[in-house]
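**Student:** this is a predicted model, with the sequence first.
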Amino acid sequence: MSFFNRLYDEDIVRANGHIIKCLDSFCDSFPISDELRKVLLVEDSEKYEVFSQPDREEFLFCLFKHLCLGGALCQYEDVLHPYLETTKLLYKDLVSVRKNPQTKKIQITSSVFKVMAYDSNGVCYPSTKSHEQTFSYFIVDPIKRHVHVLYHCYGVGEMS
């Protein structure tokens, strides 16, 4: 997970793994109470550029961001490790790899698609309501001919 080492290098996370806190603010509907959420959401943040735009489009980053931001009733972690470990396990379950026989290097064989469907009224899937945490990914393994679907619709639903 060396992709996320820059969080330590840029003083977003302490060496002991604790996420550095900041004054509370909001970005859309998300509470921002630490440097990690600032990096993920606040484009005006001085450390937003720690991850470039191509980095932010990587499926690994998207998984990490979705897990860090959580759902409507999310309780955030104070340390980075649970986010990294869950991201790693989920990524390994969804994405297929193989060893290239010529180069002996690991290659990703899966293709990841962020899916949205439209009807005459606009977006109808994954939800008619647009939100950062509403998503649907189709992960296609062409060798095994499998498709994994990772779907989440933000909100708490009806509570009685």
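**Tutor:** Noted; the coordinates are in hand.
**Student:** which ones are touching the nearest residue to Glu58 once chain neighbours are set aside?
**Tutor:** With sequence-adjacent residues excluded and distances taken as CB to CB, 6 or more residues apart in numbering, Glu58 is closest to Phe3, at 7.6 Å. Yep, even glycine has a C-beta here, placed from its N, CA and C like the rest. Applying CB atoms under 8 Å, 6 or more residues apart in numbering to Phe3 gives the contacts 55, 58, 60-61.
**Student:** just Val42 next, same as before
**Tutor:** With contact taken as CB under 8 Å, 6+ apart, Val42 is in contact with 27, 32, 48.
**Student:** next one: Asp78
**Tutor:** Contacts here follow CB under 8 Å, 6+ apart; on that basis Asp78 touches 18-19.
**Student:** so what does it have for phi and psi?
**Tutor:** Note on Asp78: backbone dihedrals following degrees, to the nearest 10 are phi -90, psi -10.
**Student:** kindly report the same for Val140.
**Tutor:** phi -100, psi 130.
**Student:** would you map the strands across this protein?
**Tutor:** With DSSP state E as the definition, the chain shows strands at residue ranges 21-27, 30-34, 97-99, 106-108, 111-114, 117-119, 122-125, 135-141, 146-152.
**Student:** which residues of the protein fall in helices?
**Tutor:** Residue ranges of the helices in the chain, as given by DSSP state H, are 6-9, 35-41, 53-57, 59-69, 81-94.
**Student:** which of the contacts of Phe3 count as buried?
**Tutor:** When neighbours are counted using 16 or more other CB atoms under 10 Å, these contain these buried positions: 60-61.
**Student:** tell me which two in the contacts of Phe3 are the farthest apart.
**Tutor:** Asp55 and Leu60 (9.1 Å; CB to CB).
**Student:** picking up where we left off before, out of the strands of the chain, which gets nearest to Leu89?
**Tutor:** Distances from Leu89 to each of the strands of the chain were compared using CB to CB; the shortest belongs to strand 146-152, at 13.0 Å.
**Student:** relative orientation of the closest one and strand 135-141 in degrees?
**Tutor:** Relative orientation of strand 146-152 with respect to strand 135-141: 170 degrees, computed using axes from the mean of the first three to the mean of the last three CA atoms, to 10 degrees.
**Student:** list the buried ones in strand 146-152?
**Tutor:** Going by neighbour count (16+ other CB under 10 Å), the buried part of strand 146-152 is 150, 152.
**Student:** okay, how far is it across stretch 107-122, tip to tip?
**Tutor:** Counting by CA to CA, to the nearest Å, the length from the leading to the trailing residue of stretch 107-122 is 37 Å.
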